[in-house]
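Asks: After the sequence you'll find the predicted model.
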Amino acid sequence: MKKHWTKAAAFLLICAFALGLTGCADTLWVMKTDKITVPTGAYLYYLLVERSNAQSKTSSGTSSGSSINWSKKIDGKDAKTWADDQAKKDTQELLAAESICAQKKIALTADEKSQVTSYAQNMMSSYAVLKNNGISEASMERVLAYSEYLKDKLFQSYYGAGGSEAVSDTDLKDDYTKNFVQIKQIFFSTQDDSGNALSSADQQAKKKKANDILGQISADRSNFTALMNANNEDPGMQSNPDGYVFGKSQDFVQVFKDTAFSMKVGDVKLIQSSMGYHILYKVALDPSKFDSVKSDVLTDMKNPAFLKMLDNYKGITINNSTISRYNVTNVKDS
């Protein structure tokens with residue numbers, strides 16, 4: 001199931017958390033070049049985001065509680081180290097992108113600036129956790145300007161049409177054929193509308209229903225569409241009745257994505273995520289879907305190189321004395 005908290009909307013998931021270190025965080029700086037300085041507020045925002053990501057990656061059950069086993073491994077690191085490193089990486093990429101954009105004279109339009117200001121003001125007024133933890137509106141504008149506009153503008157300047165390293169449609173179609181999948185699913189949520197875990201009895205009922213329907217599908221694959229339409233709790237499948245089409249870099253729940261790429265066309269599998277139970281059906285990739293996901297194909301193909309460029313950007317000074325004052329375990333339940 002696709003995550004519905006992309007970009008700044010991710011904060012809808014983590015606004016229930018409060019950072020233990022409050023005060024004038026935004027009077028400090030965390031990273032800088034000779035011309036641009038990033039205040040600590042941006043780093044704190046990324047700590048909140050990566051705490052949420054760590055919870056998602058380490059959760060194997062259906063509980064929506066915020067407790068995290070920080071000793072669990074993510075990409076070979078304990079969850080705390082992984083999340084702290086990711087927050088620093090996020091901040092460094094923001095600064096690198098801002099620096100390169102300044103060099104290439106890539107900037108926001110007046111309308112884009114207005115949209116960023118409006119969005120930042122809305123977030124500051126809607127989520128007290130930001131101000132309570134020393135994250136200023138100016139820091140939110142920096143994060144939003146990067147995530148909503150600058151990152152894509154810079155990416156397109158390299159790999160988009162007319163870019164310095166533009167990718168041809170032929171290469172994009174080839175990548176689509178080799179590296180994208182198409183998945184239908186029937187989803188049973190184990191959370192209520194507020195994201196809280198259902199009772200154990202209700203969760204067991206969802207599990208039983210998922211297994212019952214899996215049995216019907218296993219007996220006759222032709223039943224899948226009818227059962228999907230009759231039982232699905234994933235509204236996204238209503239607008240994507242032929243299935244989700246995605247590559248490895250797209251923003252889907254990790255276990256969903258990992259399973260999808262491990263399956264063969266025609267396979268049906270039942271999996272459990274922190275969100276609920278998913279019956280996945282891998283269908284043959286539809287060539288006609290290419291145009292609708294062309295930008296995703298380009299991102300999937302070139303984003304690793306793009307991020308590596310940002311991560312290797314030279315001339316960034318890291319203020320370790322400031323960073324040492326904050327870490328992801330300071331993000332606690334409110």
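Replies: Yes, it's here.
Asks: Please determine how far Q86 is located from E50.
Replies: The gap separating Q86 from E50 is 4 Å, by Cβ to Cβ, to the nearest Å. Yep, even glycine has a C-beta here, placed from its N, CA and C like the rest.
Asks: Kindly report the same for K131.
Replies: 20 Å.
Asks: Going by neighbour count, list what's buried in stretch 128-139.
Replies: V129, L130, N133, G134, I135, S136, E137, S139 (16 or more other Cβ atoms under 10 Å).
Asks: Keep only those of those that are in helices.
Replies: Counted as lying in helices by DSSP state H, out of the buried residues of stretch 128-139, are V129, L130, E137, S139.
Asks: residues contacting the third one?
Replies: What that stands for is E137. Contact analysis of E137 by Cβ atoms under 8 Å, 6 or more residues apart in numbering lists A120, Q121, M124.
Asks: Of the residues you listed, which is the nearest to L198?
Replies: M124 (32.8 Å; Cβ to Cβ).
Asks: Give me the phi and psi for V181.
Replies: phi -130, psi 160 (degrees, to the nearest 10).
Asks: Quick check: closest non-adjacent residue to it.
Replies: Leaving out its chain neighbours, the residue that sits closest to V181 by Cβ to Cβ, 6 or more residues apart in numbering is A260, at 5.1 Å.
Asks: and if you look at K57?
Replies: K57 sits nearest to I74 (Cβ to Cβ, 6+ apart), 5.1 Å away.
Asks: For that neighbour, grab the count of nearby residues.
Replies: 18 (other Cβ atoms under 10 Å).
Asks: list the contacts for it?
Replies: A54, K57, T58, W82, A83.
Asks: Which positions are bridged to it in the beta structure?
Replies: Residues in a beta bridge with I74, per DSSP bridges, are K77.
Asks: From S56, how far off is it?
Replies: Distance from I74 to S56, counting by Cβ to Cβ: 10 Å.
Asks: Could you do S274 as well?
Replies: Counting by Cβ to Cβ, the gap from S274 to S56 is 6 Å.
Asks: tell me, what's touching those two both at once?
Replies: With Cβ under 8 Å, 6+ apart, S274 and S56 have common neighbours V253.
Asks: all strands of the stretch 201-334 of the chain, in order?
Replies: 244-246, 268-272, 276-283, 317-318, 331-333 (DSSP state E, counting those that start in this stretch).
Asks: could you dump those to TSV with distance to D291, mean neighbour count and mean pLDDT?
Replies: TSV is the format used below for the strands of the stretch 201-334 of the chain (distance: least, Cβ to Cβ, whole Å; neighbours: other Cβ atoms under 10 Å; pLDDT from 0 to 100):
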stretch	distance to D291	mean neighbour count	mean pLDDT
strand 244-246	11	22	97
strand 268-272	28	17	97
strand 276-283	19	22	97
strand 317-318	42	14	97
strand 331-333	41	16	48
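Asks: Of all those, which one is nearest D300?
Replies: strand 244-246 (8.3 Å).
Asks: and that closest one, what does it pack onto?
Replies: strand 181-189 (3 or more Cβ pairs under 8 Å, 6 or more residues apart in numbering; DSSP states H and E).
Asks: Regarding the chain, what is its longest helix?
Replies: helix 79-104.
Asks: how about that one: buried residues?
Replies: 79-84, 86-88, 90-101.
Asks: Need the residues that contact stretch 155-171.
Replies: Here stretch 155-171 makes contact (Cβ under 8 Å, 6+ apart) with K104, I106, L298, T299, M301, K302, N303, F306.
Asks: F224: which of these is nearest?
Replies: T299 (29.4 Å).
Asks: surely that closest one meets S249?
Replies: Yes: the criterion here is Cβ atoms under 8 Å, and T299 meets it with S249 at 6.0 Å.
Asks: Between S274 and S56, tell me which one has more neighbours.
Replies: Neighbour totals were compared for S274 and S56, and S274 leads with 21 against 18 (other Cβ under 10 Å).
Asks: can you map out the helices along this structure?
Replies: For the chain, the helices defined by DSSP H cover 11-14, 40-58, 79-104, 110-126, 128-132, 137-145, 151-159, 169-179, 200-219, 224-231, 236-239, 254-262, 294-311, 320-323.
Asks: picking up where we left off before, and for the residue nearest to V181, the neighbour number?
Replies: 23.
Asks: try S164
Replies: Neighbours of S164 under the rule other Cβ under 10 Å: 9.
Asks: Which phi and psi values does it adopt?
Replies: Torsion angles, degrees, to the nearest 10, at S164: phi -70, psi -20.
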